[in-house]
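> model this:
(4 chains)
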There are 2 protein chains.
Amino acid sequence: MDRHDEAASPDISSSASAHHSGTGTLGKVLSVLEIVVTSDRPLRFSDILTLSGQPRGTLHRQLSHLLEEGLLTQGRDLCYEPGLRLLKFAYRSWSKNQFRAVAAPHLRRLHEETGETVHLGVLRGTEIIYVDKVESRQTVRMQSQIGNASPVYCTGLGKAALSVLPPVRLAETLGQLNFHRFTANTHLSAASLMRDLDEARLQGYAFDREEHETEIRCVAAPIHDAGFDLVAGISVTGPAYRVTMEQLENWARLVRQVAIAISEDIEIRLGPGR
Amino acid sequence: MDRHDEAASPDISSSASAHHSGTGTLGKVLSVLEIVVTSDRPLRFSDILTLSGQPRGTLHRQLSHLLEEGLLTQGRDLCYEPGLRLLKFAYRSWSKNQFRAVAAPHLRRLHEETGETVHLGVLRGTEIIYVDKVESRQTVRMQSQIGNASPVYCTGLGKAALSVLPPVRLAETLGQLNFHRFTANTHLSAASLMRDLDEARLQGYAFDREEHETEIRCVAAPIHDAGFDLVAGISVTGPAYRVTMEQLENWARLVRQVAIAISEDIEIRLGPGR
DNA sequence: GAGTCAGTTCCGAATAATGGAACATCAATG
DNA sequence: CATTGATGTTCCATTATTCGGAACTGACTC
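Okay, here's the model as predicted:
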């Protein structure tokens, strides 16, 4: 249903070499894991070899360790695939996520008022990670895209989140962006993106005008805690044939209010400590 | 010291100290990660210190690395919580899981015939990990328990999976079990469990007679590939007031047939190679 | 102010990761 | 059927990382 993934080659290389410092061994192993997990097609040893740029011997050991730990599995014809332990980790992470729990009732309220799909997403680096969603007509397929990551620059959630970022962090983030065209409306430069962000900052909400998927629009509002450790957003999304831009404008204030309510709830419930 | 925490937690189990060899650094870091992720309540540094048995300095570095990599986050009052990167990994893993994709249409068929919730679960160590599910009336709460892990010894899926395991692996697995009472019917010894397994092996299906949750029953059948690299199962689950044991008996053959169909599909579609 | 507990930092010693090169396996090719 | 080439695996001396005890900080208690 969703075709959110980039086509072939655009940005794989960036994540591989980015981590060459800081976390030592762990970082290197994780970047290998990430290569396998984020790839579109199954990868064989040599694919990973070239993508990761590690020496043969090293890579081989890293992969064996990942296999042994259950983070990867080796399928038919020696292809490496993500392992089940990841799923287990993820379930626990999600179900114990405090932020999600606090926001959940607000999401439901927003869904009841609008009737359209509501998302909760958190900013992580240059991506928005979907943490929860409420939708009416649960399409039978894929239970949720929870955990899916979308680029900041072409989603309402992303733009909402960016719009409240302190200038330094915003600059950093913008600097790391790799623009890629998803639709005719996708922003392709920081400059063009900035215009939307300025608008969002003024109004308190942001739109996605079919910038990520054609025929899909949304309006989103930002959420953040006092220290900007948590920067997130909520959005109402709908198909273009049913949801006009005018309709979105009408929902905008509501979305913003709910976002503010969540922010307040966070500060109260998750302790003003710190 | 005191183990003031084990009281309330059902299935923390043994995995923490098990990995002390093989994967070197990675294994140790992962067991720390697992401690945090599988814990019921938020953990502070010293909690992890005692649970992991690592020296202070070491643990501190491991945690910093996990933080830096986004696998953990540090919430209010210095508590460690699972990080968002895990969710991202999980989404990719799940959506690209070949086995799940092949089985999906069969699950839907089974759901249409029975009208009750259908699960697909895979055996991993002493746990069953839920990989997919189809249910009619999406209860508003918790989108899915995909990725959730349940003990083998008290679920239909678990018993079905165990029943087809080659003797040596079965013995190994049974040896690692830590029995814990969930309901009045929960098996509490390998011996008592074995009786169910023998029955399941003969019939080709297994029951959960309210052994994990009261008022919840299910019937399950095993799936496995030729080399027993993949051992899994499907189940039909329902509330006791609506689903009698007699009803389950009637569904048993159907469940078994669908499981066999999936097994065949696996061998065909995922290559007899290897 | 003494005492305890939680978290952080330091540094020599121990250990695990590194990566080049040799080995193995299997197809396709001459 | 031997040759080539591409792929996956193993080995081992070197090197960089991790280890872990101990010492430091700071906060809170009695």
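> and the stretch 51-200 of chain A, which residues reach DNA strand C?
A:54, A:55, A:56, A:57, A:58, A:61, A:62, A:65 (Cβ under 7 Å from any atom of the strand). In this view, the C-beta of every residue, glycine as well, is placed from N, C-alpha and C.
> measure the residue in the stretch 51-200 of chain A that DNA strand C sits nearest to to residue A:64 for me?
Among all residues of the stretch 51-200 of chain A, residue A:57 sits closest to DNA strand C, at 2.4 Å; criterion: Cβ to the nearest atom of the strand. Distance of residue A:57 to residue A:64, computed by Cβ to Cβ, to the nearest Å: 11 Å.
> quick revisit: among the residues of the stretch 51-200 of chain A next to DNA strand C, which lie within helices?
The subset of these located in helices under the criterion DSSP state H comprises A:56, A:57, A:58, A:61, A:62, A:65.
> which of these are buried?
A:62, A:65 (16 or more other Cβ atoms under 10 Å in any protein chain shown).
> from the ones in helices among the residues of the stretch 51-200 of chain A next to DNA strand C, which is closest to residue A:163?
Nearest to residue A:163, judged by Cβ to Cβ, of those is residue A:62 at 39.3 Å.
> and the closest one, what does it touch?
A:28, A:29, A:32, A:54 (Cβ atoms under 8 Å, 6 or more residues apart in numbering or on different chains).
> tell me the secondary structure for the third one?
Think residue A:32. Counting by DSSP: H, G, I helix; E, B strand; the rest coil, the backbone at residue A:32 sits in helix.
> show me what contacts it?
A:48, A:52, A:54, A:59, A:62, A:63, A:66.
> dump these to TSV, plus pLDDT and distance to residue B:41.
Listed next are the contacts of residue A:32 as TSV, based on pLDDT from 0 to 100; distance: Cβ to Cβ, whole Å:
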residue	pLDDT	distance to residue B:41
A:48	88	38
A:52	85	38
A:54	83	39
A:59	89	39
A:62	89	33
A:63	88	35
A:66	89	29
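> returning to that earlier point: farthest-apart pair in the contacts of residue A:62, please.
Maximum distance among the contacts of residue A:62 (Cβ to Cβ): 10.0 Å, for A:29 and A:54.
> remind me, longest helix of chain A?
Max-length helix for chain A by DSSP H is helix A:245-269.
> what about it and chain B, any contact?
No: where contact is defined by Cβ under 8 Å from any Cβ of the partner chain, no part of helix A:245-269 touches chain B; the two come within 9.8 Å at best.
> which residues does that helix contact?
Residues from elsewhere that reach helix A:245-269 (Cβ under 8 Å, 6+ apart): A:99, A:102-103, A:106, A:109-110, A:113-114, A:160, A:203-205, A:207, A:209, A:217-226, A:230, A:233-236, A:238.
> show me just the buried residues among those residues.
A:99, A:103, A:106, A:110, A:114, A:160, A:204-205, A:207, A:209, A:217-225, A:230, A:233-236, A:238.
> quick one, grab the pLDDT at the residue of chain A most remote from its centre.
Largest separation from the mean C-alpha position in chain A: residue A:57, at 33.7 Å (Cα atoms, centre = their mean). The score at residue A:57 is 86. That number is its pLDDT.
> need the contact partners of the helix or strand harbouring residue A:108.
Using DSSP states H and E, residue A:108 sits in helix A:98-114. Helix A:98-114 has contacts (Cβ under 8 Å, 6+ apart) with A:94, A:117-118, A:120, A:122, A:131-136, A:223, A:230, A:232, A:234, A:236, A:251, A:254-255, A:258, A:261-262, A:265-266, A:269-270, B:75, B:81, B:140.
> how many residues are close by residue A:164?
Residue A:164: 21 surrounding residues under other Cβ atoms under 10 Å in any protein chain shown.
> so which bits of chain A are right by DNA strand D?
Looking at DNA strand D, the residues of chain A close enough under Cβ under 7 Å from any atom of the strand are A:23-26, A:44-46, A:49, A:56-57, A:60-61, A:78.
> please parse chain A into its domains.
According to automatic domain parsing, chain A comprises the domains A:12-89, A:97-269.
> looking at those, which has the lowest confidence?
Taking the mean pLDDT of the domains of chain A, domain A:12-89 comes last: a mean of 79.
> that older thread, just the buried residues of the contacts of helix A:98-114.
Once neighbours are counted (16+ other Cβ under 10 Å), the buried part of the contacts of helix A:98-114 comes down to A:94, A:117-118, A:120, A:122, A:131-135, A:223, A:230, A:232, A:234, A:236, A:251, A:254-255, A:258, A:261-262, A:265-266, A:270, B:75, B:81.
> closest residue of the stretch 101-250 of chain A to DNA strand D?
residue A:227 (17.4 Å).
> cool, and chain A?
For chain A, Cβ to the nearest atom of the strand, closest residue to DNA strand D: residue A:24, 2.6 Å.
> I figured that residue hits residue B:64, correct?
No: judged on Cβ atoms under 8 Å, residue A:24 makes no contact with residue B:64 at a distance of 10.7 Å.
> which of the contacts of residue A:62 has the most neighbours?
Neighbour-wise, those (other Cβ under 10 Å) top out at residue A:29, 26 neighbours.
> got the angle between the helix or strand that residue falls within and helix B:24-38?
Assigned by DSSP H and E, residue A:29 belongs to helix A:24-38. In terms of direction (axes from the mean of the first three to the mean of the last three Cα atoms, to 10 degrees), helix A:24-38 departs from helix B:24-38 by 70 degrees.
> how about helix A:24-38: buried residues?
A:26-38.
> quick check: next helix or strand after that helix?
That would be, after helix A:24-38 and using DSSP H and E, helix A:45-52.
> next, the buried residues of that next one.
Buried residues in helix A:45-52 (16+ other Cβ under 10 Å): A:47, A:48, A:49, A:51, A:52.
> what do you get for stretch A:239-259?
A:243, A:247, A:248, A:251, A:252, A:254, A:255, A:256, A:258, A:259.
> how about the strands in the stretch 101-250 of chain A?
Assigned strands in the stretch 101-250 of chain A, in chain order: A:117-124, A:127-134, A:149-151, A:206-209, A:216-224, A:231-239 (criterion: DSSP state E, counting those that start in this stretch).
> strand partners of the fourth one, parallel vs antiparallel please.
Looking back up the chat, that one is strand A:206-209. strand A:216-224 (antiparallel) (DSSP bridges).
> next: the second one.
The strands that strand A:127-134 pairs with in its sheet are strand A:117-124 (antiparallel), strand A:149-151 (antiparallel) (by DSSP bridges).
> got TSV for the ones you listed, with distance to residue B:127 too?
Compiled in TSV, the strands paired with strand A:127-134 are given as follows (distance: least, Cβ to Cβ, whole Å):
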stretch	distance to residue B:127
strand A:117-124	28
strand A:149-151	27
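> out of those, flag the one nearest residue B:154.
If we rank the strands paired with strand A:127-134 by Cβ to Cβ, the stretch that ends up nearest is strand A:117-124, at 33.4 Å.
> alpha carbons only: can I get the closest one in CSV?
Below are the C-alpha coordinates for strand A:117-124, written out as CSV (Å, rounded to 0.1, in the frame of the first residue of the first chain):
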residue,chain,number,x,y,z
THR,A,117,-6.1,8.8,9.9
VAL,A,118,-4.1,10.3,12.7
HIS,A,119,-0.3,9.8,13.1
LEU,A,120,2.1,10.4,15.9
GLY,A,121,5.7,10.7,14.8
VAL,A,122,9.0,11.5,16.5
LEU,A,123,12.0,13.3,15.0
ARG,A,124,15.2,11.2,14.8
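> many thanks, I have nothing further to ask.
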